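J.: Can you look at this prediction? I've put the sequence above it.
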Amino acid sequence: MKNKISIFWFRRDLRFEDNTGLFHALSSGYKVLPIFIFDEEILSQLPVNDARVSFIYDTLFELDKRLKKEASSLLIKKGNVIDIWQSLLQKYEVASVYFNKDYEPYAIERDLQVQKLLKTKKIKSFSYKDQVIYEEQEIVKKDGKPYTVYTPYKNEWLKRYHLERCVEKDIVLKDRVLNWNSIFPSIETIGFETSDIKVKLFQIDDLHNYHNVRDFPYIDKTSYVSPYLRFGLISIRKMVIHALQVNQTFLNELIWREFFMQILYNFPRVVTENFKTKYNAIVWRNNQDEFQKWCKGETGYPIVDAGMKELNNTGYMHNRVRMIVASFLCKHLLIDWRWGEAYFAQKLLDYELASNNGNWQWAASTGCDAVPYFRIFNPTTQLKRFDSKYDYVKKWLPNLNELSYPKPIVDHKFARIRALDVFKKV
DNA sequence: TGAAATGTTGGGGCG
DNA sequence: ACGCCCCAACATTTC
């Protein structure tokens, strides 16, 4: 007779501290088997040296190390998620399954399939809100519909938060994880190799001046917290408590994250479509050659080129520069925001569907609460204003001082008028 | 979480 | 002293 266990399924919540689903699993009364599944569907779309897979791998290794102190370990699988669950249920006598919710359309569908399978085997499954403070339709307008404008959403979010306060949950592993041992797989067995591009350590102890420094890419005061939030190494509840104490502007950025998550949840069509359907009529130029130049950072506009070089070399790009390169692609080159979104999705260490999509549609003026179409960034003015001493651009463009720096691939004044024309027409 | 075009004002040079 | 022009600085409107 096998002993009954509970399973906790780690996904994008790679931590022991303040983890809602894990907390409940450990309170289930059964020993808990912690698992992680490398989803073949997702992995198959990534290059073998993907930096995020490396980051996840390293993080799992650390989690496993911690579990080994409790005479336990992390079960790691790779393959089709449903197949893996089927084999798990054959091997173990499972009482209940716990995991934290994911709001992306693909994940919602995948999790539904898993829950269906568990139900046919009469196994209870429990899913929890963990990656946001307010999920799905917790924050809606008086008429019950989701907010599509940021500021009123933020006001309601803050009102709710101050009323409710979100508590953290203390995790106790001892004697509650399954007593077993496994060998941690090498990254090669997962089909990957270690990436040269690394996630930087986050810096959140010095954010009191965030609102004054955040717009200047040469000032290295970025929190670098986004990849940690993306994969759940840090709990959002902890981050919000910290932000409340330290800096309102930083908190606003965390609320933007939740704003776009609820937009994605309530309007999943934004994944492939303009939020504002009237812009479906836009005829993007979609010039392949110009797109390649943008990707490589060869547009002839230093601030655009430096941003793309930073992205290509490090997997990061400063937020101010993200807005500039996005505006340039959509407005100056008139290339479909989906092309830019897909490129960022490949390269960004903090890539997250909801935020990436929301911010690209913002820049392209096709999104909810987007920048008005006639607000077109001037890459020269932006450089003067936010990197007047050329510290940032010089870091990424060593040839900048030479007279041979390439000429802009498109004249600003010309491109601006062309974009206004195209957008005005629809 | 713009930028350019257009309008207004006021000081200084100068006949 | 006065009107006129120029233009910078600022404000408003427009895209």
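T.: Received, thanks. Numbers count the residues shown, from 1 in each chain, chains lettered A, B, ... in the order given.
J.: need the contact list for the closest residue to DNA strand B within the stretch 101-250 of chain A.
T.: With C-beta to the nearest atom of the strand, the shortest gap between the stretch 101-250 of chain A and DNA strand B falls at A:Tyr150, namely 6.4 Å. Yep, even glycine has a C-beta here, placed from its N, CA and C like the rest. With contacts defined as C-beta atoms under 8 Å, 6 or more residues apart in numbering, A:Tyr150 is in contact with A:255-256, A:259, A:369.
J.: for those residues, which one is nearest A:Lys276?
T.: A:Lys276 lies nearest to A:Asp369 out of the contacts of A:Tyr150, by C-beta to C-beta, at 10.2 Å.
J.: Next, work out how far apart that closest one and A:Ile376 are.
T.: 18 Å (C-beta to C-beta, to the nearest Å).
J.: try A:Leu158
T.: Counting by C-beta to C-beta - A:Leu158 and A:Ile376 are separated by 32 Å.
J.: Those two - which one has more neighbours?
T.: Neighbour totals were compared for A:Leu158 and A:Ile376, and A:Ile376 leads with 21 against 15 (other C-beta atoms under 10 Å).
J.: In terms of helix, strand or coil, where does that one fall?
T.: Assigned by DSSP: H, G, I helix; E, B strand; the rest coil, the conformation of A:Ile376 is coil.
J.: check contacts around A:Lys238.
T.: Taking C-beta under 8 Å, 6+ apart, one finds A:17-18, A:168 in contact with A:Lys238.
J.: Which entries within those meet the buried criterion?
T.: Burial by neighbour count, 16 or more other C-beta atoms under 10 Å: within the contacts of A:Lys238 this picks out A:Asp18.
J.: circling back to that earlier point, and DNA strand B, which of the contacts of A:Tyr150 contact it?
T.: Contacts with DNA strand B within those, counted by C-beta under 7 Å from any atom of the strand: A:Trp256.
J.: can you pull the contacts of the residue of the stretch 151-300 of chain A found nearest DNA strand C?
T.: Nearest residue of the stretch 151-300 of chain A to DNA strand C (C-beta to the nearest atom of the strand) works out as A:Ile282 at 15.1 Å. Residues in contact with A:Ile282 (C-beta under 8 Å, 6+ apart) are A:366, A:422-423, A:426.
J.: A:Phe99 - that's part of a helix, no?
T.: No. Under three-state DSSP, A:Phe99 falls outside any helix and is assigned strand.
J.: okay, now it: neighbour count?
T.: Using other C-beta under 10 Å: A:Phe99 sits among 25 other residues.
J.: hang on, it packs against A:Ser6?
T.: No. With contacts counted by C-beta atoms under 8 Å, A:Phe99 stays clear of A:Ser6, the gap being 11.1 Å.
J.: Next one, pLDDT for A:Asp39 please.
T.: pLDDT for A:Asp39: 98.
J.: Just give the closest residue to it, not the sequence neighbours.
T.: In space, and not counting its chain neighbours, A:Asp39 is closest to A:Val81: 5.5 Å by C-beta to C-beta, 6 or more residues apart in numbering.
J.: Surely that neighbour is in contact with A:Phe38?
T.: No. Here A:Val81 lies out of contact with A:Phe38, judged by C-beta under 8 Å, at a distance of 9.6 Å.
J.: coming back round to it: of the contacts of A:Ile282, buried ones?
T.: Using 16+ other C-beta under 10 Å, the buried ones in these are A:366, A:422-423.
J.: who in chain A is up against DNA strand C?
T.: For chain A, the residues in contact with DNA strand C (C-beta under 7 Å from any atom of the strand) are A:372, A:374-375, A:420, A:424.
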